[in-house]
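Q: The sequence isn't on hand, but the structure is:
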């Protein structure tokens with residue numbers, strides 16, 4: 001899981017003119033090496049190595065195009081400065097060189113190799129009992145509506161409802177190019193302040209639900225050995241523990257080395273439940289490895305907005321004031337209905353801009 005930004009935008013590359021030149025040289029070297037690797041028969045015939053090399057080449061293609069444009073623009077600028085007839089174009093060409101430099105720095109520093117992946121989203125009720133479960137349901141609808149607006153496809157993987165119609169837990173996939181680059185900003189604790197329907201005194205209650213967002217990965221990216229798994233089968237249950245299935249179709253998979261447990265019961269087939277459980281398990285293992293890598297880089301580069309963990313409160317949704325505040329970027333709007341209807345673009349764009357700003361600052365340090 002090599003990160004282009006971590007490799008090319010790490011702190012030893014100070015981003016000035018000379019820094020850009022070093023970045024471009026390193027980029028061209030990496031691009032040529034990856035092309036050679038992909039052409040190597042030993043790599044080509046190994047599915048995992050070929051997939052890794054293919055992904056790496058795809059990551060480098062856009063920065064390589066920008067680098068080529070920057071080199072040409074810089075050459076044109078030097079020609080203009082040395083030619084009296086072209087001197088009048090120097091200002092315009094200098095602006096173009098500067099623009100391409102900024103785009104190139106972003107392309108090299110900000111890139112997350114998981115950005116283009118599909119995602120698995122887990123929403124769980126937090127503090128607040130039945131109201132927290134209802135809030136988890138509201139968040140599920142908000143995020144699936146956002147996905148629909150972006151023309152992504154969604155697929156429910158697992159649900160655990162409570163008696164009031166909310167969710168103790170709901171797990172679903174979002175499929176579409178760049179899904180993780182959008183939904184990764186939704187991971188964290190979402191706090192709601194409102195008067196529950198069951199509240200006779202009209203008092204405002206505060207409840208929470210947590211959202212975990214993980215890139216969905218392929219078998220070749222995360223290898224799981226059968227000896228590392230403990231698989232239990234059982235009967236599915238509904239709200240309140242009532243039995244809803246007379247066959248042992250529910251599956252609980254435990255990954256023994258890490259202790260990660262995934263349970264699935266929505267499908268009637270034990271095989272289908274196991275397949276879904278393995279998808280979620282692969283995503284959790286991949287995310288755990290990403291967390292380890294990001295923690296190792298934390299001393300030199302902040303990888304998450306606000307530096308917070310998933311459990312950190314990221315937003316407050318205040319119904320009486322029709323107010324939504326994202327605490328990571330201190331952005332507040334007063335259009336709660338639209339946001340809950342899936343209009344999250346303003347927040348996503350602001351969070352992405354802040355992530356880019358922090359990445360550039362870290363690379364320039």
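A: Looks like it arrived, so ask away. Quick caveat, the model's predicted, so the values are computed rather than measured.
Q: Can you show me the strands along the stretch 151-300 of the chain?
A: Secondary structure of the stretch 151-300 of the chain by DSSP state E, counting those that start in this stretch: the strands cover 153-161, 167-175, 188-194, 205-215, 229-234, 250-255, 260-264.
Q: Beyond the helix or strand of the chain with the lowest mean pLDDT, next helix or strand please.
A: Ranking every helix and strand in the chain by mean pLDDT, DSSP states H and E puts helix 4-8 at the bottom, with a mean of 35. Downstream of helix 4-8, the next assigned helix or strand under DSSP states H and E is helix 17-39.
Q: Give the rounded mean pLDDT of that next one.
A: Averaged over helix 17-39, pLDDT sits at 84.
Q: what packs against that helix?
A: helix 4-8, helix 47-81, helix 90-109 (3 or more C-beta pairs under 8 Å, 6 or more residues apart in numbering; DSSP states H and E). C-beta here means a position set from N, CA and C on the backbone, and glycine is covered the same way.
Q: would you turn those into JSON lines with mean neighbour count and distance to residue 180?
A: As requested, the helices and strands packed on helix 17-39 are exported to JSON lines (neighbours: other C-beta atoms under 10 Å; distance: least, C-beta to C-beta, whole Å):
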{"stretch": "helix 4-8", "mean neighbour count": "21", "distance to residue 180": "15"}
{"stretch": "helix 47-81", "mean neighbour count": "17", "distance to residue 180": "13"}
{"stretch": "helix 90-109", "mean neighbour count": "18", "distance to residue 180": "18"}
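Q: and those helices as TSV, adding distance to residue 157?
A: Shown next, in TSV, are these (distance: least, C-beta to C-beta, whole Å):
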stretch	distance to residue 157
helix 4-8	30
helix 47-81	24
helix 90-109	33
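Q: per-residue pLDDT, residue 245?
A: 50.
Q: try residue 284
A: Taking residue 284 on its own, its pLDDT is 89.
Q: re the thing from before, specify the stretch among the helices and strands packed on helix 17-39 that is closest to residue 226.
A: helix 47-81 (17.7 Å; C-beta to C-beta).
Q: hang on, residue 269 packs against residue 249?
A: Yes: using C-beta atoms under 8 Å, residue 269 makes contact with residue 249 at a distance of 6.3 Å.
Q: okay, those two: which has more neighbours?
A: Between residue 269 and residue 249, counted using other C-beta atoms under 10 Å, the more crowded position is residue 249 (21 against 11).
Q: ok, residue 90 to residue 104 distance?
A: According to C-beta to C-beta, to the nearest Å, residue 90 stands 21 Å off from residue 104.
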